[in-house]
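Novice: Next come a sequence and a model predicted from it.
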Amino acid sequence: MSAKAAFAIACLGLAAGPAPAQDVGAVAEVHAPGIDLAPTGPSVESRLAEIRRRIEAALEYPPLARWQDQEGDALVRFEIGADGRARNVRISRSSGEPLLDAAAARAVVAAGVLPRVYGPLEVPVSFELATRR
């Protein structure tokens, strides 16, 4: 092995041998309820605001619902999976209009990769005819 390659491996820490064993108790504390899993990044509030913004951007007012003058607010419940995508998406409070409820759930899924937030989320999705999408 060349000196240059040996230096690169040493800098990466690969030459130091196996990593020391982790303290299992410390890992368990990180996943305790109420603890932010990304304490050094953006705040929980800013991540929630970004989630709402992405859902709003993905939201499409169903043409038939618009034609029928349907309006309402749906409350969508979901979790963010390890891949950053919404999972277990369901309507926890209906808008009263099935077309709007389905569009709200679709928007959560279509929002793509979301900032990580631990635990279930409930996001209100509003449909108002005065707002043109």
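Specialist: In hand now; what should we look at? The model shown is predicted, which means the values in this text are computed figures rather than measured ones.
Novice: Pull out the buried positions in stretch 82-99.
Specialist: 85-86, 89, 91, 95, 97, 99 (16 or more other C-beta atoms under 10 Å). (Each C-beta comes from the backbone N, C-alpha and C, glycine too.)
Novice: Out of these, which sit inside strands?
Specialist: Judged by DSSP state E, strands contain the following of the buried residues of stretch 82-99: 86, 89, 91.
Novice: how many other residues sit next to the nearest residue to residue 89 once chain neighbours are set aside?
Specialist: Computed as C-beta to C-beta, 6 or more residues apart in numbering, the closest residue to residue 89 that is not its neighbour in sequence is residue 78, at 4.4 Å. By other C-beta atoms under 10 Å, the residues close to residue 78 number 23.
Novice: what do you get for residue 41?
Specialist: Residue 41: 12 neighbours (other C-beta under 10 Å).
Novice: and it, helix, strand or coil?
Specialist: Here residue 41 is recorded as coil under DSSP: H, G, I helix; E, B strand; the rest coil.
Novice: and the residue nearest to residue 89, what is it in contact with?
Specialist: Residue 78 makes contact with 86-90, 108, 120-121, 123, according to C-beta atoms under 8 Å, 6 or more residues apart in numbering.
Novice: How about residue 64?
Specialist: So residue 64 contacts residue 99 (C-beta under 8 Å, 6+ apart).
Novice: closest to residue 49 among the contacts of residue 78?
Specialist: Checking the contacts of residue 78 against residue 49 by C-beta to C-beta gives residue 123 as the nearest, at 10.9 Å.
Novice: quick one: secondary structure of that closest one?
Specialist: strand.
Novice: Name the nearest residue to it, sequence neighbours excluded.
Specialist: Residue 123's closest residue in space is residue 76 (C-beta to C-beta, 6+ apart), at 5.4 Å.
Novice: Tell me if I'm right that the one you found and residue 91 touch.
Specialist: Yes: assessed by C-beta atoms under 8 Å, residue 76 is found in contact with residue 91 at 6.1 Å.
Novice: Thank you, goodbye.
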